[in-house]
Structure formats: C-alpha cells, structure tokens
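> Okay, here's the prediction I keep looking at, along with the sequence it came from:
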Amino acid sequence: MKTKPTETTIWQKLIRLAEKPYDLTAPGALSGSGRIGTMVCRSAGLRLLYAMQRVDEQVLTAFQELADGFDLVGRFQEMRGGAVLNRIDGWPSENRQVLHTASRDLFSENPLAPAATAQAKRELTQLERFIWEVDERHLLGSTGKPFTTMVNIGIGGSDLGPRAVNEALRAYYRPGRQVRFVANVDPDDASAVLASVDLSETLVTIVSKSGTTLETLTNEELARSAYRSGGLDPARHFLAVTGVGSPMEDPQRYLRSFAMFDYIGGRYSTTSMVGCVTLGFALGMEHLYAFLRGAAEMDEAAGHPAVRDNLPLLLALFGIWNRNFLGYPTLAILPYSQALHRFPAHLQQCDMESNGKSITRFGEPVSAATGPIVWGEPGTNGQHAFYQLLHQGTEIVPVEFIGFRENQYGQDLPVDGTSSQQKLIANLLAQAVALASGRDHDNPNRRFAGNRPSSIIVGNRLDPRTMGNLLALYEAKIVMQGFVWQINSFDQEGVQLGKQLATELLDLLKSGTNNGSTIGGELLREFEK
Ligand SMILES: O=P(O)(O)OC[C@H]1O[C@](O)(CO)[C@@H](O)[C@@H]1O
C-alpha cells in the first residue's frame, strides 16, 4: 500500500475520534461498568489490562479497521515467512529478510522459514555440545580450572538484550555460574569487570555481528592483554559470536565460534546465538529452551487477526493512538520487577533504533510522527524519582506498566500486615489509577488532572518462558508500528555519521596532525585544553 497512512479514511476517522477521547476522569468512567474486567487481552502467558487507555468501543473498532486496512498481521506473517522487508524501494539498502522469529520457531513441525530455523537448530546443537563439555569439565581453562564465569563483550544489540534477559533470569542461574557484561569503550568498564572475576575460570564471549565495531574490538584487545599478563592463553578462553563472513571469523583466535546470520538485526538478536551463549551457560539448556518457547508462543499469538485477541497488535495500536492521534511524544516502560531493571534500556534500542525514522520504505518523507522517545526504570524506585512529572508535569507520558503476580525467589515476609510483593503490586495499581482518575483539590498545587493513559502487562511470574513472551511481545509491537508508519524498522543508517566523524578524529589523534581545520578538530583542541 503506497497511499500515505495519513491519507486513508481510517486515519481521518481516528483523528475525529481523538477530538473527544474517552474521559477517564468522568464519574463512573472506570468503575461500575465492567470496563476493567472486559478490557483485558490475553496472548501466550501474558495479559494486558487496558481500561486505563483513552479508548472506547468505537476506537477499538477503528483499531481493527486500521489493522485490517494496513494488513498488519499479514505483513507480520510475511516477515516470519522470509519476506525481504529490510529495504528502501528504489535506493541502495540492506535488502535483507527479517527472520529473528525463525531463531525460536523450533517447536512446530512446520516452521515458517525452514532454512533459517534449520540454521538456528544447528547453532543450538553446537551450543548444547559446548555447554555439555564445559559442564563435564572436558573443557578447562588454560591452568586446568573449570569455567564458572562468562564475560560478554559486545555493544548495542550485542549487549542490551542479552544483558536485560540475563539480569531478568538471574534467579534461575545454575549454582556457581555468573555472567558479566562489558560494553562501553570507556576503559573503566572493562577494567572493573575484568578485575572482578577470576580470569582463569572465565570464558570471554566476543559478540559482534559485523565483527568491526570499534568498542567491541577495543575491549577484546583489553581483555586479551589481561589474559596474557596473567600468563593465560586467550585462545583457550575466548569465544566468538559473529556474522557469517565477518572479520572475526578466525578459528585460530577462539576456542569456539557461533554464527549469526544477516537476516537477524542486532537489536532483534537476543534469541539467536547473541543471547543464547550467555543464557545457555548460565541457565542451562532446559531453561534456555523454555525462554525460546516463550518467544515462539508470542510470535504465534501475534498472528491472530482480531485486535482484541492479539496483545502485540493491541499494544502497537495504543502506541499509534497515543503518538499520532493524542500527540504524546514519549513512552515510559515501568516494570514493577527489579529483575527487569535493564529491560527498558533494551527496549529503548529496539524501539528507537527501529522506528526513529523520517523516511518511508518508499524513500519518501514520512507523513506522520514515527517512534516515540522510549525510557523507563523499575517501580517503585521511579515513584521516588520522576513520577512527579508523570502526575503533574506539563507533558503527558503514556505508560506501560509490567507486573507479576508472584515474585521469583518465593522469599517474602509480611511486614505491617502485607508482604513486599503485595506492596509492589499495590503501588503499581495505585499509580495507574492515580494517572487515569486524577484528583480534584481546592489547593491547585495538590490537584491531579488525570487522563494520563497507561496499560498494565501482567504475567504470573518472571520465569524463562514469561521472559520469552515479553521479549517477543515488544519485538512484534515495534515491527507492527513500523508497518503502520510505512518505515523500514530494520536498518540503522542514522548511526553512521557519528561513527564516521569519530573515525576521522581518531585518525587525527593517531597522526598527531590536528591543526583544528575541521569542526571536530577545533572542538578536540578546545576539549583537551
Ligand atoms: O554486533 P555489532 O555489529 O558489533 O553491532 C553492535 C550494534 O551497533 C549498531 O550497529 C549501531 O551502531 C547496532 O545496530 C548494533 O546492535
């Protein structure tokens, strides 16, 4: 469909509906009508409570028209089947399939992209073998010690997703296993991590799809040098996860190498070897497969044609409604789970690198606002930091809360009559009500305007399968929003200019010839004064 989204009848209809969005502050708007109990969507192991979005039946019906008119589910299924969606028509572009979903389509007899799934299975078999060798102590460090620790060196998609999921699932780690992460080219990042582990018991996994990322290659050298200084042989400790044909494909330098494929983008790569190596090492294969199964379940659920029964699609459409029709520029993702403390950072990359675009997939300027600014921190911590602005600031910030009925460790105590988990959940729900309903007051400074929309994503417990559900939910949501905006959500040309200018500055530093004749050169001279 080349017609601009803004020129469609359904877009115009939504504009009209947005002139008078559902008033969450009106008497009886939230209670007594059954709204809270009916505005619930279930997909895989998750539920979405969406009574506190500014929508009514008419808007939801319009959502269905939008989803059908733009064939959002059809395009998602085409993606899963291997369509070349990473492209800009008529312009040089990556021209690739988008098949992160194939890396977990392992549980059906008929995977949608059989060749890609076969490749994923081959890598998983290799990983399983490797982990078995480590567990059985057939593979030992260069001084003969068994491996207890893994350090992941990578950045962006080669760090954020794996880090977020590892943090989320620490409660399921095998006894005696730990994983640490190094990403930043700030030398203090690598130093702190390398100093905190026993290198002789550590595997270092270098993760870079391109095999050319400055930060990762630099940190790899720092780590190798630490090994050599300690009299250890890096080739017996270092693993590689890299793209087929990348400069890192060098078996001499690595104990093992695992492949990733050009049809999986970095920020969508957590269920490929990029995430699986650390997760397999720390959790074991059984939990790893549960995580992959959870992601596969959500991919499957995203194929449901009915908006009200398709959680990723519905979440995507609330995002479109809030961004394009109610005009809110940001989105806060607020997990009420300490284990998810890095998940907003992962979603920030996944969403903003995917949908931070101004050009359509036809190479034309977009006609509507695209990806929101995504940010977030866990509750309840955030309540004591930035929620003031959420409740009374001049900017309205739609919120996606995430909460679980049970905690991970099962350890909890009643204090003052309620458990910590109950306190956590009560706070989450109270925030959603306060944002939606607001409160009148004689004192203007104590008034809450309300009508600040939120959704609540509910899971039973944050276990590997639920984490897979959650990861794939957001991946699908982001992709579906990109379909509405008609952008390519799978490239990232916007990161290139900064990289190029940094390389030019590094060349000046290397050659010692900075005469300040470029803007960057002049800035550098000023900075170094
Ligand atoms: O895995 P690589 O190739 O090292 O890339 C790391 C990250 O850098 C980026 O290309 C952006 O600079 C991301 O898209 C990617 O996740």
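Perfect, thanks for sending it.
> I'd assumed residue 234 was in contact with residue 224.
Yes. Proximity of residue 224 to residue 234 meets the contact threshold set by C-beta atoms under 8 Å, at 4.6 Å. Just so you know, the C-beta spots here come from the backbone N, C-alpha and C atoms, and that holds for glycine as well.
> right, and residue 376 touches residue 337 too?
No. Residue 376 lies out of contact with residue 337 (C-beta under 8 Å); the separation is 11.8 Å.
> Could you measure from residue 520 over to the ligand?
Using C-beta to the nearest ligand atom, to the nearest Å, residue 520 is found at 18 Å from the ligand.
> For the nearest residue to that residue once chain neighbours are set aside, identify the helix or strand it belongs to.
Excluding the flanking residues, the one nearest residue 520 by C-beta to C-beta, 6 or more residues apart in numbering is residue 505, at 5.1 Å. Assigned by DSSP states H and E, residue 505 belongs to helix 496-511.
> Tally up the residues packed near the residue nearest to residue 520, please.
Residues contacting residue 505 under the criterion other C-beta atoms under 10 Å number 15.
> low-confidence ranges in the stretch 301-450 of the chain?
Low-confidence segments of the stretch 301-450 of the chain (pLDDT under 70): none present.
> Quick check: the residue of it nearest the ligand.
Nearest residue of the stretch 301-450 of the chain to the ligand: residue 353, at 5.8 Å (C-beta to the nearest ligand atom).
> mind checking pLDDT for the closest residue to that residue other than its chain neighbours?
Distance criterion C-beta to C-beta, 6+ apart; nearest residue to residue 353, sequence neighbours excluded, is residue 492 at 5.1 Å. Model confidence at residue 492, given as pLDDT, is 97.
> Test my guess that residue 492 contacts residue 350.
No. Counting by C-beta under 8 Å, residue 492 stays clear of residue 350, with 11.3 Å between them.
> of the two, who's got more company?
A count of neighbours by other C-beta under 10 Å puts residue 350 above the other of residue 492 and residue 350, at 27 against 20.
> returning to that earlier point: residue 376 and residue 337: who's more crowded?
The neighbour count for residue 376 versus residue 337, taken as other C-beta under 10 Å, is higher for residue 376 (25 against 21).
> ok, now how distant is the closest residue to the ligand within the stretch 351-500 of the chain from residue 353?
Nearest residue of the stretch 351-500 of the chain to the ligand: residue 495, at 4.0 Å (C-beta to the nearest ligand atom). Counting by C-beta to C-beta, to the nearest Å, the gap from residue 495 to residue 353 is 8 Å.
> same question, residue 30
36 Å.
> quick one, which of those two is more surrounded?
Shown here are residue 30 and residue 353; by other C-beta under 10 Å, residue 353 has more neighbours (23 against 18).
> element containing the more buried one?
Residue 353 belongs to helix 343-355, assigned by DSSP H and E.
> what's in contact with that helix?
156-157, 160-161, 163-165, 167-168, 267-268, 270, 331, 333-335, 370-377, 402, 470, 474-475, 478-479, 481-482, 485, 487, 489-490, 492, 494-495 (C-beta atoms under 8 Å, 6 or more residues apart in numbering).
> Over to stretch 99-112?
Stretch 99-112 has contacts (C-beta under 8 Å, 6+ apart) with 77, 79-82, 113, 116-117, 119-121, 124, 261, 263-265, 268-269, 271-272, 289, 292-293, 295-296, 299, 468, 472, 475.
> Could you report the neighbour count for the closest residue to residue 273 other than its chain neighbours?
Sequence neighbours aside, residue 258 is the residue nearest to residue 273 in space, at 3.9 Å (criterion: C-beta to C-beta, 6+ apart). By the criterion of other C-beta under 10 Å, residue 258 has 22 neighbours.
> Is there any residue in the strand or helix carrying residue 258 that contacts the ligand?
If you go by DSSP H and E, residue 258 is part of strand 256-260. No. Against the ligand, strand 256-260 shows no contacts by C-beta under 6 Å from any ligand atom, the least distance being 8.2 Å.
> Which positions in whatever helix or strand comes next after that strand come out as buried?
Moving toward the C-terminus from strand 256-260, the next helix or strand (DSSP H and E) is helix 273-283. With burial defined by 16 or more other C-beta atoms under 10 Å, the residues of helix 273-283 counted as buried are 273, 274, 275, 276, 277, 278, 279, 280, 281, 282, 283.
> and if you look at stretch 444-459?
For stretch 444-459, the buried set under the neighbour-count rule, 16+ other C-beta under 10 Å, comprises 448, 450, 451, 452, 453, 454, 455, 456, 457, 458, 459.
> my guess is the last one meets residue 48, correct?
No. Between residue 459 and residue 48 there is no contact under C-beta under 8 Å: 10.7 Å.
> Quick one: name the residues of the chain near the ligand.
With C-beta under 6 Å from any ligand atom as the criterion, the chain meets the ligand at residues 155-158, 208-210, 213, 216, 266-267, 353, 492, 495.
> For residue 57, see how far away the residue in the stretch 201-350 of the chain positioned nearest to the ligand is.
Residue nearest to the ligand within the stretch 201-350 of the chain: residue 266 (2.6 Å; C-beta to the nearest ligand atom). Distance, residue 266 to residue 57, using C-beta to C-beta: 40 Å.
> Between the two, which is the more surrounded one?
residue 266 (27 against 10).
> List of residues touching stretch 155-162?
Residues outside stretch 155-162 that contact it (C-beta under 8 Å, 6+ apart): 152, 154, 181, 183-184, 207-209, 213, 215-216, 241, 265-270, 274-275, 278-279, 342, 345-346, 349-350, 353, 471.
> Quick one: mean pLDDT for that stretch?
98.
> hey, C-alpha coordinates of it in PDB?
Extracted in PDB, the C-alpha atoms of stretch 155-162 (Å, rounded to 0.1, in the frame of the first residue of the first chain):
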ATOM      1  CA  ILE A 155      27.600  -3.300  22.500                       C
ATOM      2  CA  GLY A 156      24.100  -2.200  21.300                       C
ATOM      3  CA  GLY A 157      22.200  -5.300  20.300                       C
ATOM      4  CA  SER A 158      25.100  -7.500  21.200                       C
ATOM      5  CA  ASP A 159      24.800  -6.400  24.800                       C
ATOM      6  CA  LEU A 160      21.500  -4.800  25.700                       C
ATOM      7  CA  GLY A 161      19.100  -7.700  25.000                       C
ATOM      8  CA  PRO A 162      21.400 -10.400  26.400                       C
END
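> Turn the residues of the chain next to the ligand into a markdown table, columns for secondary structure.
Listed next are the residues of the chain next to the ligand as a markdown table, based on DSSP: H, G, I helix; E, B strand; the rest coil:
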| residue | secondary structure |
| --- | --- |
| 155 | coil |
| 156 | helix |
| 157 | helix |
| 158 | helix |
| 208 | strand |
| 209 | coil |
| 210 | coil |
| 213 | coil |
| 216 | helix |
| 266 | helix |
| 267 | helix |
| 353 | helix |
| 492 | coil |
| 495 | helix |
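> Tell me which of the contacts of stretch 99-112 fall in helices.
Judged by DSSP state H, helices contain the following of the contacts of stretch 99-112: 77, 79-81, 116-117, 119-121, 124, 289, 292-293, 295-296, 299, 468, 472, 475.
> host element of the residue nearest to residue 407 when sequence neighbours are not counted?
Spatial nearest neighbour of residue 407, chain neighbours left out: residue 421 (4.7 Å); criterion: C-beta to C-beta, 6+ apart. Per DSSP H and E, residue 421 falls inside helix 420-437.
> Report the distance from that helix to the chain centre.
24 Å (C-alpha atoms, centre = their mean, to the nearest Å).
> again with stretch 385-400
On C-alpha atoms, centre = their mean, the centre of stretch 385-400 falls 22 Å from that of its chain.
> Over to stretch 360-378?
Stretch 360-378 sits 16 Å away from the centroid of its parent chain (C-alpha atoms, centre = their mean).
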